[in-house]
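Novice: following is a predicted model, sequence given first.
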Amino acid sequence: MKEPTIIVCIKQVPDPEGPNSAFEIDSEARVVTPRGIPPVMNTFDANGLEAALQLKDKLGGEVIAINMVDDKLAMPVLKKALAAGADELIILKDEGFVGLDPFSTASVLAAAIKQIDGYSLILVGRQSGDWGSGQVGPVLAEILQIPSVGVAQRVNIEEENIIVERLKRTGHEILKVRMPALIAMDSEVELRLPTLKDIKDANNKPVTTWNVSDLAIDPGKLKKRQVYQLSQPPSRKRHCFLVDGETVQEKGENLAVKLRADRVI
Amino acid sequence: MEDARILVFVEKEDGEVAGITFELLQMGRNLVDKGGGVLCSTVIGYQTGEIADTIARFCDEVYCIDNPLLATFRSDLYTHFLEKLCRHVSPEIILIGHTLNNLDLAPRLAYRMGARLVTDCSSVSIDGDTRSLLCTKPVYGDRANAVFISDGKPKMATLRSKSIEAIREGSSRGNIINLNIPVEGTFDNLELIGTVPGESVSLDKADAIVAGGRGVKGTEGLQILERLIDALNRYFDKVELGASRPLVDAGLLPKARQLGQTGEKAAPQLYVAVAISGSSQHVSGIAGSKKIIAINKDGDAPIFDIADYGIVGPYETVVPALIAKLRELP
C-alpha cells in the first residue's frame, strides 16, 4: 500500500471559549468583530488534524494543511498546524477569497486540491465556530465527486479503504469508504501539544501561497456571503435567586426547601 | 401561489417518525398559512407505508419512495433518491431537520439542486412580496443571530430541533403519492460494515436533567450526579443524566448525553447544571428549560446569568446536602 497523502482543511476562528462580551456585533456592517481574544484553530478542524497525524504516525505519508487566510493574525494558528506535525501548509490568499459563501469557498478549495497529486483523504471539521454552516466539506466532496462521511469520531485506513466510525444519535456505525474520500470530524480526537522543538522546526516547513491566478477558477463566479441582518440574540437572562446559608451544606439543604416552597418539586 | 410546494423531509429514528419532523411540519404549515401553497412531505425508506399514513394526517401531500436500498440511512443513496424526488415534485422550499444524518446530505443535495441552503436555522419566514426565504440562524456559537435571504427555486433550510412547537394533527388527510424511481449508477464507494448501538437516551423527553460539566471529576463525580438523579426520581417521572461537551470529549459519557449547540436540545421542567460554566454553545441546548439550577464554585460563571436558582460552592459538598434534604422533605 502506498503511503497516504492526507489533506486537512483548517480555519481560524475567534476563540469560542472567549466571553460573550468579546464578540462585538456590528449590525450596520453585519459582521462580528472579536475584541481582545486571539484567533484559534477551529476546534473540529483541530480534531481533523489530529486524526490525520495519527494516521501518519501509523502509516507514514504526508499531511498537508490547507487554509484560506483572510487575516494576518491567523499566522500563529497556521504555524500551530505545522508545529503539531503537518508537513506542509498551503495558504489560499486573495482579495477575491474574502468573505465567500460556502459553495464558493468549497469551489476555491476544490480548485486547489485538484492541484495536489494523488491525495487519499481529505479531513475537515464538521462545522466552524463562526458562521457554522457546515457546508464547505460536503460540497467540496460533491465538486470533487468523491464519497464523504459526516460526523466521524474515528478514522482508520485499511488497504485501499477508509474505515470510519460515524456518530449516530445513539451509538455509531462503521463505514468502509473507498479512497479518496472526504471525512468531516466531530470532537473526539484532541489535537496534540507540540514540543518546543516541534515549534522551532515548524519554521523550516514549506509554506505555499496560491492566489486566484494560480488556480483554475473563474473569479467572476465567486459569490460573497450575504448577510441580510445581524443582531443580538434574544436575551436568555433570568433572575437568579442565590441560595444562602451559613455553610455550603446548609445552602444545599436550603435549595431543596426553596424548590419545595416555589412548587418546583 | 397555489401550487408552490413546501416540502418537508420526514426524519426517522428507530423505525419511527422522529420528533423534529413534527416541528418541520409546523414550520411548513406556518409558511403556507402566511404565503399560500401546498404543504408536502417526503417519506423515503423501505416498508414505510405506516409512516406515510401517519404523516398524511399532518400535510396535504406525501411523496414516498419505497426501496430496499433505503432500508437503513445511507447518505449517498438518500441524497440520490431525494434529488430525483425533488426534481419530480419541484418544490419552492425544502425544509430539513438539522440532524446528524443530514449534515452531509443537505449540502450535497443543495449543490446538486443549485439551491441556496442555510443550515441550523432557528426560524424561517417568507417575504410576502418577493417570496424570498428569510432564514434566521444563530452564529458565532449562538452569540449573534444572522438572517440570510434565499431566492431562486428551490430554497433550502435545515431547522434546529426544539425551535418551534410540534404540529397538531389536522382534520383532513393528505394524498399519498408513491413514486417509482429507479436507482441510476452504482453506489459502491460506501459500505456499511457495522453498527454499534449506544445506550438509548432521549434527553428531549426527560422531565428533569442533571448535567455535569468540566468541573465534574471522573466517575466519582458522576456518582454524585447519579445519586441526585435517584433523589429527583421521587419528584419527576423521567430524570436523565446529561453533560456539557468536556465530559463527553473526555470519554466519560456518550455523545447522546451531550447538550448544546452541536449536541442534543432539551427543554425539561428542571435543569440542574453541576459544575458547568455555561458557555453560549452549551446554553443554546438548554435555554428552553422551565427552571434552571446552577451549582458552581465560581460565582462569576456565566451559568448564573441564565439560572433561576444558584448556589456558589463546590458541588461535592452542595449536592450531597441537597440530596439528603430532597429525601427528607415530607
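Specialist: Arrived safely. Given the structure is predicted, the values throughout are model-derived calculations rather than measurements.

Novice: quick check: which element contains residue B:8?
Specialist: strand B:5-9 (DSSP states H and E).

Novice: ok, now which ones touch the residue of the stretch 201-330 of chain B found nearest chain A?
Specialist: For the stretch 201-330 of chain B, the residue closest to chain A is residue B:321, as judged by C-beta to the nearest C-beta, at 3.0 Å. Quick note: C-beta positions are derived from backbone N, CA and C, even for glycine. Contacts for residue B:321 (C-beta atoms under 8 Å, 6 or more residues apart in numbering or on different chains) come out as A:248-253.

Novice: give me the buried subset of these.
Specialist: The neighbour-count test (16 or more other C-beta atoms under 10 Å in any protein chain shown) marks A:248-249, A:251-253 as buried among those.

Novice: chain B: which of those residues is nearest?
Specialist: residue A:252 (3.0 Å).

Novice: my read is the closest one is in a helix, agree?
Specialist: Yes. Applying DSSP: H, G, I helix; E, B strand; the rest coil, one finds residue A:252 inside a helix.

Novice: pull up the gap between the closest residue to it other than its chain neighbours and residue A:99, please.
Specialist: Leaving aside its chain neighbours, residue A:252 sits nearest to residue B:321 (3.0 Å; criterion: C-beta to C-beta, 6 or more residues apart in numbering or on different chains). Distance, residue B:321 to residue A:99, using C-beta to C-beta, to the nearest Å: 53 Å.

Novice: determine how far the longest helix along chain B lies from the middle of the whole chain.
Specialist: If you go by DSSP state H, chain B has its longest helix at helix B:19-35. Its chain's C-alpha centre and that of helix B:19-35 lie 15 Å apart, by C-alpha atoms, centre = their mean, to the nearest Å.

Novice: the helix or strand following it packs against which elements?
Specialist: Next helix or strand after helix B:19-35 toward the C-terminus (DSSP H and E): strand B:38-45. When contacts are defined as 3 or more C-beta pairs under 8 Å, 6 or more residues apart in numbering or on different chains; DSSP states H and E, strand B:38-45 packs onto strand B:5-9, helix B:19-35, helix B:49-56, strand B:61-66, helix B:75-89.

Novice: so which helix or strand takes in residue 58?
Specialist: The chain I'm using is chain A. According to DSSP H and E, residue A:58 maps onto helix A:43-59.

Novice: hey, C-alpha coordinates of that helix in PDB?
Specialist: Written as PDB, here are the backbone C-alpha positions of helix A:43-59 (Å, rounded to 0.1, in the frame of the first residue of the first chain):
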ATOM      1  CA  THR A  43     -12.000  23.100  17.200                       C
ATOM      2  CA  PHE A  44     -13.300  20.500  14.800                       C
ATOM      3  CA  ASP A  45     -10.500  21.300  12.300                       C
ATOM      4  CA  ALA A  46      -8.000  20.600  15.100                       C
ATOM      5  CA  ASN A  47      -9.700  17.200  15.600                       C
ATOM      6  CA  GLY A  48      -9.300  16.600  11.900                       C
ATOM      7  CA  LEU A  49      -5.700  17.500  12.000                       C
ATOM      8  CA  GLU A  50      -5.100  15.100  14.900                       C
ATOM      9  CA  ALA A  51      -6.900  12.300  13.100                       C
ATOM     10  CA  ALA A  52      -4.500  12.900  10.100                       C
ATOM     11  CA  LEU A  53      -1.500  13.000  12.300                       C
ATOM     12  CA  GLN A  54      -2.400   9.700  14.000                       C
ATOM     13  CA  LEU A  55      -2.800   8.100  10.600                       C
ATOM     14  CA  LYS A  56       0.600   9.400   9.600                       C
ATOM     15  CA  ASP A  57       2.100   8.100  12.800                       C
ATOM     16  CA  LYS A  58       0.900   4.600  11.900                       C
ATOM     17  CA  LEU A  59       1.200   4.600   8.100                       C
END
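
Novice: list the buried residues in it.
Specialist: So helix A:43-59, judged by 16+ other C-beta under 10 Å, has buried residues A:43-56, A:59.

Novice: ok, now stretch A:63-72?
Specialist: A:63-70.

Novice: relative to residue B:227, how far out is the residue nearest to residue A:252?
Specialist: Distance, residue B:321 to residue B:227, using C-beta to C-beta: 12 Å.

Novice: could you do residue B:209 as well?
Specialist: Separation of residue B:209 from residue B:227 (C-beta to C-beta) stands at 15 Å.

Novice: looking at these two, which one has more neighbours?
Specialist: A count of neighbours by other C-beta atoms under 10 Å in any protein chain shown puts residue B:209 above the other of residue B:209 and residue B:227, at 29 against 16.

Novice: for whichever strand or helix holds that one, the distance to its chain's centre please.
Specialist: Applying DSSP H and E as the criterion places residue B:209 in strand B:208-212. Averaging C-alpha positions (C-alpha atoms, centre = their mean) puts strand B:208-212 18 Å from its chain's average.

Novice: thank you, goodbye.
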